[in-house]
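Asks: build me a model from this:
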Amino acid sequence: MKEILIEPNEKQKRFFESTARFTAYGGARGGGKSWAMRIKFLLLALGHDGISILLLRRTLGELRENHILPLQSLLKGIADYSESRKEFSFRNGSRIKLGYCDTEADVLQYQGQAYEVIGLEEATHFTFFQFQCLTECNRFSGRMKKRFAPRMYLTCNPGGVGHEWVKRLFIDRRFFEGENAEDYCFIKSLVFDNGFLLKNNPEYVKTLEALPDARKRAMLYGDWDAFEGAFFPEFSYKVHSCPDFDVPKEWLRFRALDYGLDMCACLWLALSPEGSVYVYRELYEPSLILSEAAKRITALTPTEERIRYTVASPDLWNRRQDSGKSGFEIMTENGLRGLKKADNSRITGWRVVREYLKHNEDSPPRLKIFRCCENLLRTLPQLRFDESVKEDAADKPHELTHAPEALRYALMSWEPKEAQKADNPKSFIYSFEKQKPKNDGYRSLINY
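Replies: Model (predicted):
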């Protein structure tokens with residue numbers, strides 16, 4: 001018999017008592033998150049015979065230091081640990097499995113597995129793709145004799161690649177189709193709530209107080225709006241998103257494509273007479289071969305829509321070794337007409353995107369995104385700066401780059417050199433008209 005004495009603070013008690021589908025805890029440094037997660041899972045394992053629990057950190061090193069070693073000490077004499085399986089086994093049939101997801105692909109190792117409870121430590125270090133994949137594993141495992149509602153527990157601080165999706169769900173409480181508000185619970189905990197730390201390490205508060213202002217607001221006070229590092233700080237869901245509406249038939253329409261087997265991202269865009277660009281439809285689907293992608297894009301385009309062109313990444317014109325044909329040829333053969341090479345100048349392209357996003361009280365942005373385009377609205381604010389090239393966006397996690405890349409191709413297709421100098425947005429139309437072959441069958445855009 002081993003006695004474990006726990007003395008949780010009030011915020012930790014709320015975390016222990018929460019049975020919400022998704023519970024997030026923390027929001028700042030020093031709130032006692034890791035300890036609360038370990039104790040919560042210990043209570044679940046002892047209180048529910050046969051329960052399967054998965055506890056994840058982003059890297060193996062973090063997993064070992066933050067959970068494997070502390071749990072080995074805590075559970076000595078209570079549960080047996082297998083290093084090869086990284087799993088604690090309890091006498092009542094319960095188990096706590098520990099894992100990590102260093103890359104996006106690592107999460108796929110859990111496909112087909114089932115856990116009644118999943119924990120994400122430092123959830124903002126995980127991408128939304130990883131979170132979504134793990135929700136598919138959060139189900140009845142078949143080992144329990146009594147009914148148990150599957151649930152996930154998250155701990156988090158502002159910052160990291162997952163900042164935007166955690167903030168959207170738990171702080172802003174802005175939900176997309178299929179997400180239910182009552183499923184999400186956030187328990188904010190600051191260092192000031194952690195009496196044990198204040199008593200035994202009071203100088204830690206002074207360390208947090210000495211941080212630069214923006215980081216101090218995030219890490220000491222849990223301010224999710226203070227986080228610095230977003231590649232497009234100009235982006236605002238409230239400002240740049242708009243309700244869907246019927247795009248007038250006379251508006252010029254075009255598409256932009258970023259193709260990859262891992263993800264095919266295609267955007268449908270329309271230009272208003274005032275020169276504003278509206279993204280009104282998207283395709284965001286993995287595992288489509290070139291011919292399938294071409295057919296999906298054409299199928300999503302109503303016959304009455306007149307698409308002027310589809311701008312796509314230049315590598316689509318490279319020949320494939322397997323067929324001897326280029327992606328351009330394969331897609332054209334499968335019905336996707338009007339393809340043209342994108343200008344792939346990254347830094348210049350991102351500057352153009354920034355110009356379309358910028359806004360102030362007197363000047364609205366020139367880019368609007370329909371709310372049905374969930375993936376563009378989700379990934380654009382998650383882009384971070386490249387650590388090596390400060391004016392470029394990071395290309396990892398790769399899942400976040402596809403829709404923004406397509407947007408960059410689209411806005412660059414209006415001849416960026418002219419666009420940067422032009423005062424009148426309609427000159428973009430004229431610029432494109434000058435480059436357009438005379439026999440392409442399109443009516444003149446000059447007088448549009």
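
Asks: please count neighbours and contacts with C-alpha atoms only from this point.
Replies: OK.

Asks: mind jotting down where the helices sit in the stretch 101-250 of the chain?
Replies: Remark: helices assigned in the stretch 101-250 of the chain by DSSP state H, counting those that start in this stretch are 128-137, 163-166, 195-200, 203-209, 213-219, 237-240.

Asks: surely D244 is in contact with C373?
Replies: No - the criterion here is C-alpha atoms under 8 Å, and D244 misses it with C373 at 9.4 Å.

Asks: most neighbours per residue, which of the helices of the stretch 101-250 of the chain?
Replies: Highest mean neighbour count among these (mean count of other C-alpha atoms under 10 Å): helix 163-166, with a mean of 24.

Asks: for that one, name the packing helices and strands.
Replies: Contact partners of helix 163-166 among helices and strands, from 3 or more C-alpha pairs under 8 Å, 6 or more residues apart in numbering; DSSP states H and E: none.

Asks: to L288, which of the helices of the stretch 101-250 of the chain lies closest?
Replies: Proximity to L288 (C-alpha to C-alpha) singles out helix 128-137 among the helices of the stretch 101-250 of the chain, at 17.4 Å.

Asks: now that closest one: average pLDDT?
Replies: For helix 128-137, the mean pLDDT works out to 92.

Asks: can you list the weak-confidence ranges in this protein?
Replies: Applying pLDDT under 70 to the chain picks out residues 1, 226-229, 321-322, 387, 414-448.

Asks: give me that answer again for 50
Replies: Low-confidence segments of the chain, defined by pLDDT under 50: 415-448.

Asks: any idea which residue sits dead centre in it?
Replies: For the chain, the residue nearest the mean C-alpha position is F128 (4.0 Å; C-alpha atoms, centre = their mean).

Asks: which residues touch that residue?
Replies: Listed by C-alpha atoms under 8 Å, 6 or more residues apart in numbering, the contact partners of F128 are 162, 165.

Asks: ok so, going back, overlap in contacts of D244 and C373?
Replies: Common neighbours of D244 and C373 are listed as Y280 (criterion: C-alpha under 8 Å, 6+ apart).

Asks: these two: who's more crowded?
Replies: C373 (20 against 14; other C-alpha atoms under 10 Å).

Asks: do you know how far the more buried one is from F192?
Replies: Distance, C373 to F192, using C-alpha to C-alpha, to the nearest Å: 40 Å.

Asks: ok, K396 next?
Replies: K396 is 35 Å from F192, by C-alpha to C-alpha.

Asks: next one: K206
Replies: According to C-alpha to C-alpha, K206 and F192 sit 12 Å apart.

Asks: excluding chain neighbours, what is closest to D193?
Replies: Distances taken as C-alpha to C-alpha, 6 or more residues apart in numbering put G31 closest to D193, at 6.5 Å, once the chain neighbours are dropped.

Asks: list the buried residues for the longest helix along the chain?
Replies: Scanning the chain for the helix with the most residues, using DSSP state H, yields helix 33-47. Using 16 or more other C-alpha atoms under 10 Å as the test for burial, helix 33-47 gives 33-34, 36-42, 44-46.
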